[in-house]
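Undergrad: I would like the atomic coordinates for the input below:
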Amino acid sequence: MKKQEKRMILILLAVLAIVIIALVINKNAKKENKENKAETANNTVTEEFVQVLEDGTKLNTSTELNKEKQVGNYKFENMQLTTQDNQTVLLADVTNTGSSKTDIQLVDITLLDKDGKEIANLRLENPDMPLLELGKLLKNPVGKSGVNYRLKKIIEIANED
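TA: Residues are numbered from 1 along each chain as shown. Below is the predicted model of the structure:
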């Protein structure tokens, strides 16, 4: 090979390396742009259900929150969720639909993620069902150990106070 041919091959390799680097940078920039757009869309959806009052209190205006919910013998209606200074307050009209009398009480409520809420409701509805079977009923099915883990976490949260 002649010296000039070697030089051309080196130049072509350098140009090829520059093109590859430019493509990788461009691809990463597009990916970051898509992630930023998705994050902005998620924030918009979240903000859609939040009304900020004059004193800075954030009020959840979701219609899902105002739907009637039944938990055991208790019916929850007219719920209002507010947040101010890192303190969240849930107010609701609660009706005892069972036959036993209950005195008015102040209770602590822990809001769980979707999986925790789902497994807690399934356990309430099916107290004698084996854990493996409960796991199969979830929207995203899990095994016996997954159900056991989630239930233990719920118990830990309940025992914190």
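Undergrad: Would you mind listing where the protein has pLDDT under the threshold?
TA: For the chain, the stretches with pLDDT under 70 are 1, 34-47, 105-117, 160-161.
Undergrad: one more time with 50
TA: By pLDDT under 50, the low-scoring segments of the chain are 41-46.
Undergrad: could you pull out the strands for it?
TA: In the chain, the strands defined using DSSP state E lie at 50-52, 58-60, 69-71, 74-84, 87-96.
Undergrad: got a list of what Asp93 touches?
TA: 76-78 (CB atoms under 8 Å, 6 or more residues apart in numbering). Quick note: C-beta positions are derived from backbone N, CA and C, even for glycine.
Undergrad: Serialize the strands of the chain to TSV and add fields for distance to Asn33.
TA: Formatted as TSV, the strands of the chain follow (distance: least, CB to CB, whole Å):
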stretch	distance to Asn33
strand 50-52	26
strand 58-60	29
strand 69-71	40
strand 74-84	31
strand 87-96	34
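Undergrad: list the contacts for Glu64?
TA: By CB under 8 Å, 6+ apart, the contact list for Glu64 is empty.
Undergrad: before we move on, back to that, please check the contacts of Asp93 and keep the buried ones.
TA: Using 16 or more other CB atoms under 10 Å as the burial test, the contacts of Asp93 include Phe76 as buried.
Undergrad: right, and out of the contacts of Asp93, which lies closest to Asn26?
TA: Of all the contacts of Asp93, Phe76 has the smallest distance to Asn26: 52.0 Å, by CB to CB.
Undergrad: My read is that the closest one contacts Leu91, right?
TA: No. Applying CB atoms under 8 Å, one finds Phe76 not in contact with Leu91, separated by 10.4 Å.
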